[in-house]
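[1] Dropping a prediction and its sequence here:
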Amino acid sequence: MKIKIEHSTQEDKAVIKVYCPYDDQFIKGAGNSSGKFSHSENCWVFPSRSESKARALLIEIFGTDDTATSPKVDVRVTFPSMYYANKDAIRLAGRMVARATSRDSKAVLGDDVELVTG
């Protein structure tokens, strides 16, 4: 999972730019914390005063912000033969395992997720 925070300025105002995977819960939280999505830069832009809120939201949703230094481990998960998550993401420990955009869409795996069988 690639999460990155950059300090920058826009229109002479200090901002932070947050680069993170798509997530419905993050979108709601970002909007409530003065975040605006920049389509041209493909990132969220927050006033610098909201940095602590943005970092807390990243940790709440993704389990990390860009300061993570802990080692990564491999985890093998077995789901029931019929696991249904219509237009939603399957999450484990704050990480997206897979997500579908509609009932008939193909599931998209999260970053660094490998499907072994199924």
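    Nice, thanks for sending it over.

[2] What helices and strands are in contact with the helix ranked longest in the chain?
    As assigned by DSSP state H, the longest helix anywhere in the chain is helix 51-62. Counting contacts by 3 or more Cβ pairs under 8 Å, 6 or more residues apart in numbering; DSSP states H and E, helix 51-62 packs against strand 4-10, strand 13-19, helix 24-32, strand 43-47. C-beta: built from backbone N, CA, C; applies to glycine.

[3] Not counting the helix or strand following it itself, show me its contacts.
    The helix or strand immediately downstream of helix 51-62 is strand 89-92, counting by DSSP states H and E. Outside strand 89-92, the residues within contact range by Cβ atoms under 8 Å, 6 or more residues apart in numbering are 23-24, 75, 77, 79, 83, 96-99, 110.

[4] Buried residues, strand 89-92. List them.
    Across strand 89-92, burial judged by 16 or more other Cβ atoms under 10 Å covers 89-91.

[5] Check stretch 14-26 too.
    For stretch 14-26, burial by neighbour count (16+ other Cβ under 10 Å) applies to 15-18, 20-21, 23, 26.

[6] helix or strand right after the helix or strand bottoming out on mean pLDDT in the chain?
    Across the helices and strands of the chain, the lowest-confidence element by mean pLDDT, DSSP states H and E is strand 89-92, at a mean of 78. Counting by DSSP H and E, the next helix or strand C-terminal to strand 89-92 is strand 95-99.

[7] how close does Arg91 get to Asp24?
    Look at Arg91 and Asp24: by Cβ to Cβ, to the nearest Å, they are 11 Å apart.

[8] Ok, Ser50 next?
    Distance, Ser50 to Asp24, using Cβ to Cβ: 20 Å.

[9] from the buried residues of strand 89-92, which single one is nearest Glu60?
    Closest approach to Glu60 among the buried residues of strand 89-92 (Cβ to Cβ): Arg91, at 11.7 Å.

[10] Would you list the strands that the least confident helix or strand of the chain pairs with, along with their directions?
    Using DSSP bridges, strand 89-92 pairs in its sheet with strand 95-99 (antiparallel).

[11] ok, the helix or strand following the partner strand: who's next to it in the sheet?
    Next helix or strand after strand 95-99 toward the C-terminus (DSSP H and E): strand 108-109. Strand pairing for strand 108-109, using DSSP bridges, gives strand 95-99 (antiparallel).
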